[in-house]
Structure formats: structure tokens, C-alpha cells
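> just need the structure, nothing else, for what follows:
(one chain, ligands or ions: 2)
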Amino acid sequence: MRKMPIQNILPGMKTACPVVTDGDSMLIGAGYVLTPKNIERLVDMKLNWVMVDDPLTAGIEPTEPLRDSVRRDLQKKMTKLVDEVRKATPRPPESTWSDYCAQFRGQPLPAIAIELAEYIALTAQREIEQDSKKVIAYMPAASEELYLVDHALDVMCLSIMLAQAAGLTGKEIGELALGALLHDVALFFLPVPEKHDGASEGEFYDTGALKEEHTTVGYDILRKTPRVGILSTIVAYQHHEYQDGRGFPQGITGSNKILRGKELMQSKGIIHPYAEICALVDTFVTLTSDSRNRIPLPFDKGLDMIMRLAGTRLNMELVRLFLGHAPRYPLGSEVIVQNGHYSGSRAIVAQISHYALNRPIVKLLEDESQTRYVQEITIDLEANPSVLVRGV
Ligand SMILES: [Fe+2]
Ligand SMILES: [Fe+2]
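Ligands and ions are numbered 1, 2, ... in the order given. Predicted coordinates for the structure are as follows:
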């Protein structure tokens, strides 16, 4: 299967996974041959991409932190969580954004939202713990509508994976997972265009007012919410702090090391490791996922950016760990061959080995004039070190 951008979908292509709309209703099942009418509908729904099946990519499945069925269950639960949070503190008609903000910042999350959050965090942690060999990779959100939900789930899943790599205990990972899931909890209240309050797109994206405030608002909400521990709360509070002290809201610094036990207890006033893990993952997920106001970076470019931010913005030791566990070209992603005999060809990553994480085996799809290869041609990048590729 391969991830096909919506603008490249043609009638006759077959879906490889169900297309789900709002975390609940299924629009099209797997194995469905798309018609021009279906495609029109997908475009109307502002989907970014659809997984399609074709003979060339048969058997190639992208690496995801969660199995598809679990992912869909958690998406549903997370959609409900966001709805319950909004329902508990509805926006009064005609109220200004800051009035509304002042209203919900003083409220704890409703009990049902916390039950759902605990369920989601625990399920993801258990699922990820089952396969500790999994590399850090994920599939960015497929639709604008699910962006908030997918962002929370992706940041949580990748935080769990990075925490595992850093050797955190199960209890610590659980605290981090809950904090990472709710790190942007204040943004759950943002009006969504077309869906809530008739808010304009301008207002939706004018998060400037909430930019710094969402950390302190989130902190205030979670602090008042029973069953959310202080360390989970700190993730929401500190996930935009920088190692060099130029972040917000407090402008505290980091140590650029992964502090544990005694070392951590002795170092007061610096960014908590949970928040540093969340900050790194949040930056990476934001850079690599689709959003209406930003073109997503392919994984290799996202990792380069993370590398550039190491030391000043992101924790250096965590970045090193992340780069050692996240492939530049994840399974099922597409690349362009940069040089040699197949220069300009488009290929799909068909196999990744843990020993050569950044030199996978790729399968050629089409040449530079977009003619599909009839014969199966693969290139083992580990065995051909001079061949360069870039992610698309
Ligand atoms: Fe944030
Ligand atoms: Fe975020």
C-alpha cells in the first residue's frame, strides 16, 4: 500500500484502508475501487491523502506505533474526549475569545474526559510496550478535521517510544503519556471552522493570543483536574520551554542531558525531562504533519531540522537518542533517487533494517518521466552507499 496525496488520486485506484471521517463514521471501506464521485467527496472533505493498494506496493505496510484497529478506537475516544471538554464549558454566544478563555481556564476537565484520557494513554502504552523493537515513525494526520485529535495521539505515541528508548520506567512513561496526550489541552477549546460557533478561519488560526497562554491555561486546567498528577501537568506547562531559556512561559533552561534519579532531584528550576521529551516530539510531529497553513516536511527534512534545533531549543542528548531510533525514510514512504543510473526515479521504502536505519531497501515505482517500471527493481541503499535519495 502507499500513501497517495489527494491531488494524485485517479478513478480506478483501490483503497488500502478504510477512510474515516470524524473519528467515528467510515466513509469508504478498504479494498474499494474509487469512482470520480468518491474522489470529489474526498476532496470536499479536505482529506490530505488516502492509502491506496497497487501491485507494485503490495505487502509494504507503513510502520505505525499502533495497530490500525487500536488507532481507530483511540481516535474515536479522543474525538469524544474533545467533545466532552467543549460540552462541559460551552462558549457563550457573542463572547470574545479572551472572555471565553478566562472562563474555561478556571475549570477542571469533566470526569468523563479524564476517564477517556487514562484509557487512551494506558492502551497506547501497553500496545507500544508489546513491540519494543519498533522504530519511531508514524503516519501524519489524513484530514484537517482530525488534526487536533491526531496531533494529541501522535505526540503521545512518539513520546512513549522516546521515553522507552531513554529507559524510563513504566510508571514514568504512564505519567508522561497522559501529559503528552493533554499537552495542548487549552487548544481543545479553539473554535473549529465549519463546525463550531461559525468562527471565521481567521479566528481559528489567530492562535497568537493563545500561543504563549495555552501552556499556562493548560496548566491551570490540569492542576484543578482530579487524578492528573503534577508531573503530567508539568508537560502541558513546560513543553514550549527551550534549552537556552528563550522559550515560554517561564523562560527556564535545560541541561541538554537526560537527568535521572538523584541528578534530577538535585536540579531545581530546569525543564522537566517529560516536558523535554514532549517538546522534541511535538516539534517533529508539527513539522512533519499536514496542516492547512503549512506544507509538511518529509521525515528526512524534519529530522535535519530537529538536529539543527539540538542544544539551543531541544535537549541535545534526547535528540541524539531520537535520531538513533527514527528512520530518515520510514517504511512505505516515498523517495526520489538523486543520482546514478536511476536518478530522478520515484521509489517506495520497502524494507528497513535496525542496523542501517537510514539506508533502507527501496523499490522503484516510476522513472523521471513518470513512466512506471514494469519489472521489479529494488536498490539496497546499504549495499550501494553512493546512491542518494530524498524523502517526498
Ligand atoms: Fe503546544
Ligand atoms: Fe502540540
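> look up how far residue 79 lies from the closest residue to ligand 2 within the stretch 251-392 of the chain.
Nearest to ligand 2 in the stretch 251-392 of the chain, going by Cβ to the ion, is residue 282, at a distance of 4.3 Å. For the C-beta atoms, the positions are set from N, CA and C on the backbone; glycine is no exception. Using Cβ to Cβ, to the nearest Å, residue 282 is found at 20 Å from residue 79.
> between the two, which is the more surrounded one?
Between residue 282 and residue 79, residue 282 has the larger neighbour count (other Cβ atoms under 10 Å), namely 22 against 18.
> who are the packing partners of the helix or strand hosting the more buried one?
Using DSSP states H and E, residue 282 sits within helix 273-288. On a contact count with 3 or more Cβ pairs under 8 Å, 6 or more residues apart in numbering; DSSP states H and E, helix 273-288 meets helix 147-165, helix 170-181, helix 230-238, helix 299-309, helix 316-325.
> how many residues are close by the residue nearest to residue 140 when sequence neighbours are not counted?
Take residue 140 and drop its neighbours on the chain: the residue closest to it by Cβ to Cβ, 6 or more residues apart in numbering is residue 289, 3.8 Å away. By other Cβ under 10 Å, 21 other residues sit near residue 289.
> thinking residue 289 is in contact with residue 296, fair?
Yes - the pair residue 289 / residue 296 is scored as a contact, 5.4 Å apart, by Cβ atoms under 8 Å.
> give the contact list for residue 271.
238, 241, 243, 252, 253, 254, 279, 315 (Cβ atoms under 8 Å, 6 or more residues apart in numbering).
> switch the cut-off to 6 Å
Listed by Cβ atoms under 6 Å, 6 or more residues apart in numbering, the contact partners of residue 271 are 238, 241, 252, 254.
> one more: residue 56?
residue 365.
> at 7 Å instead, please
363, 365 (Cβ atoms under 7 Å, 6 or more residues apart in numbering).
> one step back: of the contacts of residue 271, grab the buried ones for PyMOL.
The PyMOL command for the buried members of the contacts of residue 271 (criterion: 16 or more other Cβ atoms under 10 Å) is given here:
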select buried, resi 238+241+252+254
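> in helices, which of the contacts of residue 271 appear?
Per DSSP state H, helices hold the following members of the contacts of residue 271: residue 238.
> what's the most distant pair in the contacts of residue 271?
Greatest spacing in the contacts of residue 271, by Cβ to Cβ: 238 and 254 (9.5 Å).
> does residue 4 count as helix, strand or coil?
strand (DSSP: H, G, I helix; E, B strand; the rest coil).
> got a pLDDT number for it?
The model reports residue 4 with a pLDDT of 81.
> that one against residue 50, yeah?
Yes - taking Cβ atoms under 7 Å as the definition, residue 4 is a contact partner of residue 50 at 5.6 Å.
> these two: which is more packed in?
residue 50 (24 against 20).
> what about the more buried one, which helix or strand?
Since the elements are taken from DSSP H and E, residue 50 ends up inside strand 49-53.
> list the buried residues in the longest strand anywhere in the chain.
Ranked by residue count and defined by DSSP state E, the top strand of the chain is strand 356-366. Residues 357, 359, 360, 361, 362, 363, 364, 365 are the ones in strand 356-366 that count as buried (16+ other Cβ under 10 Å).
> quick check: closest non-adjacent residue to the fifth one.
Meaning residue 362. Nearest non-adjacent residue to residue 362, counting by Cβ to Cβ, 6+ apart: residue 347, 4.0 Å away.
> ok so the one you found is a strand residue?
Yes - assessed with three-state DSSP, residue 347 lies in a strand.
> state the distance from it to residue 7.
For residue 347, the distance to residue 7 - Cβ to Cβ - is 20 Å.
> what about those two, which has more around it?
Ranked by neighbour count (other Cβ under 10 Å), residue 347 and residue 7 place residue 347 first, with 26 against 8.
> quick check: beta-bridge partners of the more buried one?
Residues in a beta bridge with residue 347, per DSSP bridges, are residue 335, residue 364.
> and the protein, which of its residues are near ligand 2?
Residues of the chain lying close to ligand 2 (Cβ under 5 Å from the ion) are 184, 282.
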